[in-house]
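> whatever this is, show me its structure:
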Amino acid sequence: MTADGKHLLTDVWTSFGVIAGVLLVGLTSWERLDAIVAALVGVNILVTGFRLVSQSVTSLLDAAMPAKDLARVTAVLDRMRTADLDFADLRTRESGRHRFISLTVLVPANWSVERGHALADDVEVAIAMDLPDTDVQTHLEPRQLP
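This next block holds a predicted model:
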């Protein structure tokens with residue numbers, strides 16, 4: 001849909017350029033003005049095409065989350081971090097409008113699986129609440145205390 005809109009807009013600019021070129025040549029009798037206007041219209045088409053292809057490629061390929069979203073995730077983890085609980089191996093990526101986060105939740109080795117799993121669920125929910133449309137995956141590991 002975006003491509004169709006951009007295509008229509010370049011058609012409008014092309015039509016405007018043709019009319020402007022003819023009028024300017026008619027008013028000034030300087031025939032090179034038509035070529036200059038045509039070159040400007042051509043540059044506009046190239047720039048629009050380049051931006052459209054760049055945006056399409058970016059949305060198709062995975063990329064790291066923007067810094068502001070990463071800061072929101074880090075803030076959530078900082079609020080949940082305690083002397084017993086820590087996080088490691090935070091990985092983020094974006095694909096189109098979807099965000100993906102994976103991280104390791106480090107808990108004391110003497111915690112039950114049930115307690116650790118409940119905490120991991122809480123972490124996933126807390127991040128998803130702060131960043132909607134985000135798929136959060138956690139991995140539970142025992143924390144090695146010094």
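> hey, let's count contacts and neighbours off CA atoms from now on
OK.
> element containing Ile45?
Secondary-structure element containing Ile45, defined by DSSP states H and E: helix 32-60.
> and for Ala88?
Secondary structure here is read from DSSP H and E; on that basis Ala88 sits in strand 86-95.
> report the next helix or strand after that strand in sequence order.
strand 98-108.
> quick one: mean pLDDT for the next helix or strand after that next one?
For strand 98-108, the succeeding helix or strand toward the C-terminus, using DSSP H and E, is helix 113-130. Averaged over helix 113-130, pLDDT sits at 93.
> tell me the SS of the closest residue to Ala35 other than its chain neighbours?
Closest residue to Ala35 apart from its sequence neighbours, by CA to CA, 6 or more residues apart in numbering: Gly21 at 7.8 Å. Local secondary structure at Gly21 is given as helix here, using DSSP: H, G, I helix; E, B strand; the rest coil.
> Gly21 and Asp11, how far apart?
The span separating Gly21 from Asp11 equals 15 Å under the rule CA to CA, to the nearest Å.
> and the strand holding Ala88, what's buried?
By neighbour count, with 16 or more other CA atoms under 10 Å as the criterion, the buried positions of strand 86-95 are Asp86, Phe87, Thr92, Arg93, Glu94.
> with stretch 130-144 instead?
Burial within stretch 130-144, assessed by neighbour count using 16+ other CA under 10 Å, is assigned to Leu131, Thr134, Asp135, Val136, Thr138, Leu140, Glu141, Arg143.
> would you mind giving those residues as CSV with secondary structure and distance to Thr74 added?
Output for those, formatted as CSV (DSSP: H, G, I helix; E, B strand; the rest coil; distance: CA to CA, whole Å):
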residue, secondary structure, distance to Thr74
Leu131, coil, 12
Thr134, strand, 14
Asp135, strand, 16
Val136, strand, 13
Thr138, strand, 14
Leu140, strand, 18
Glu141, strand, 19
Arg143, strand, 19
